[in-house]
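Asker: what shape does this take:
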Amino acid sequence: MKITARNINQIKESFKKLVDKYQQLSDEYDPDDSVYEISIGMEEIQLPFPKDPDAFHQVSDFIRLMNEFESIRFESKNKVITTRFSQRAIFCNDQLFYEIVENGKNNLEFTFNDITLRIVNNPILIGLGSLHYGLWDKYVPPCSSYNAIEVEYKGDRSNVNEDELITSYIYSLAVKFDFDIHLIDVYDSGLFDFDTDEEVDPKNHKIDSIESYNFGMDLYLKANRDIDEEMRLLYYYKVLEFFAPVEIKKNANEKLRLKLFSPKATEPDANFLQSIFALTKRYEEDLRDNELIKPLLRECIDIVDLYEFLPESIKHKIRRELKISIVSYDLDSQNVIKLSDYISTIIYATRNSFVHAKSNYSSNGKECTDEELADLNIFLKHTCNSVIKWYNRLPNHLKIMN
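Answerer: Take a look at the predicted model:
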């Protein structure tokens, strides 16, 4: 978008109001400096953020916000809002992300239910937040240091859980592009310098949908951070641990429902009542730590498909344990269950080796080696992503959390 004869006066008026409202902008502004010129045909304008010569803004970004400047509220060091907009400061550790934002940011824009989410660079509201909190200097300029998630509301925002919405958006970006994106406070960013010889075309990268929020996403995104592999595995395990009772309760309820369909349910004999107790006992056994994630891996993911992401030594152990030469969709159902359960045992043993004190832990030989832990985490990443999507697609009456 360019400055035109139709919008130039409104842009100039909004620019002046914003500069007059914030003393630090006013102190920096020199009306005779050509860098602050606003003229027809321009696609960018520069706001006078102190110590920030790179604070250039797309005309479209400025126009979108210019009627909102009177309603700015500083919610936190991460969040600045207006009547119709929110901006949340973010950081990503991947050069490709910044290439996309710089050259193809509209590809990351997603709209639904009169709400639009997008990524903006040089975010104006976050820059003003930096000034408000006094968290800037020449090494961390107040505006150009940051990128932000911007949420635009075309309707009522009062019933929207914005934190959950943003988590869903970040999760969907993380899964599609394998980015570690996370919210930050101003002054946490610092200057960054990526050096890459990789040629990328950001316009080939686009987000078409976002997953509905569930708490597993928060755990998944923690695992996706730049942390050591042991902590990463523990977070992935927490995702599985969080969703496992849903599958266990779903199965238990279905088995109990089938029991109640029996003609014996109206006049139960001793054997029928004992079968109810047996179901209860099995349900309690499935909820034990060492059994907890087994039903999840058996029923809620395509274990044969995800097998390829396992470390090589674990693949070898599985083939030896199942007495097979290859894992494929030709496996019979019993071997698929054995495959799932064996992988569950490895994950559980590896998790236990980290959470228990080394002096008190006795190895059972099923743990993943330190050398292949990163590979196991790749398998867990795909597994957790599959489980999160499985849960989202359950009917609401089956999403039993309590």
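
Asker: hey, where'd the strands end up in this structure?
Answerer: Remark: strands assigned in the chain by DSSP state E are 44-46, 56-58, 73-74, 79-81, 85-92, 110-112, 115-121, 147-153, 181-183.

Asker: in TSV, list the ones you listed along with distance to Tyr391, mean pLDDT and mean neighbour count.
Answerer: For glycine as for every other residue, the C-beta is placed from the backbone atoms N, C-alpha and C. Formatted as TSV, the strands of the chain follow (distance: least, CB to CB, whole Å; pLDDT from 0 to 100; neighbours: other CB atoms under 10 Å):
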stretch	distance to Tyr391	mean pLDDT	mean neighbour count
strand 44-46	44	94	19
strand 56-58	38	92	18
strand 73-74	35	97	12
strand 79-81	28	97	23
strand 85-92	25	95	23
strand 110-112	20	91	13
strand 115-121	22	94	20
strand 147-153	24	96	22
strand 181-183	22	92	19
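
Asker: in TSV: the ones you listed, plus distance to Lys16.
Answerer: Listed next are the strands of the chain as TSV, based on distance: least, CB to CB, whole Å:
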stretch	distance to Lys16
strand 44-46	12
strand 56-58	15
strand 73-74	22
strand 79-81	21
strand 85-92	21
strand 110-112	32
strand 115-121	22
strand 147-153	23
strand 181-183	32
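
Asker: so who does the nearest residue to Tyr283 once chain neighbours are set aside touch?
Answerer: Leaving aside its chain neighbours, Tyr283 sits nearest to Ala252 (4.3 Å; criterion: CB to CB, 6 or more residues apart in numbering). Shown in contact with Ala252 (CB atoms under 8 Å, 6 or more residues apart in numbering): 279, 282-283, 286.

Asker: domain ranges for this structure, per the record?
Answerer: Domain assignment for the chain by automatic domain parsing gives 8-213, 229-398.

Asker: below-threshold pLDDT in the stretch 301-402 of the chain: ranges please.
Answerer: In the predicted model of the stretch 301-402 of the chain, residues 357-360, 401-402 satisfy pLDDT under 70.

Asker: next, name the residue at the spatial heart of this structure.
Answerer: By CA atoms, centre = their mean, the chain has its centre lying nearest to Tyr171, at 2.1 Å.

Asker: quick check: it vs Ser39, distance?
Answerer: 42 Å (CB to CB, to the nearest Å).

Asker: bridged to the closest residue to Arg88 other than its chain neighbours, which residues?
Answerer: Distances taken as CB to CB, 6+ apart put Ile149 closest to Arg88, at 4.8 Å, once the chain neighbours are dropped. Beta bridges link Ile149 to Arg88, Ile119, judged by DSSP bridges.
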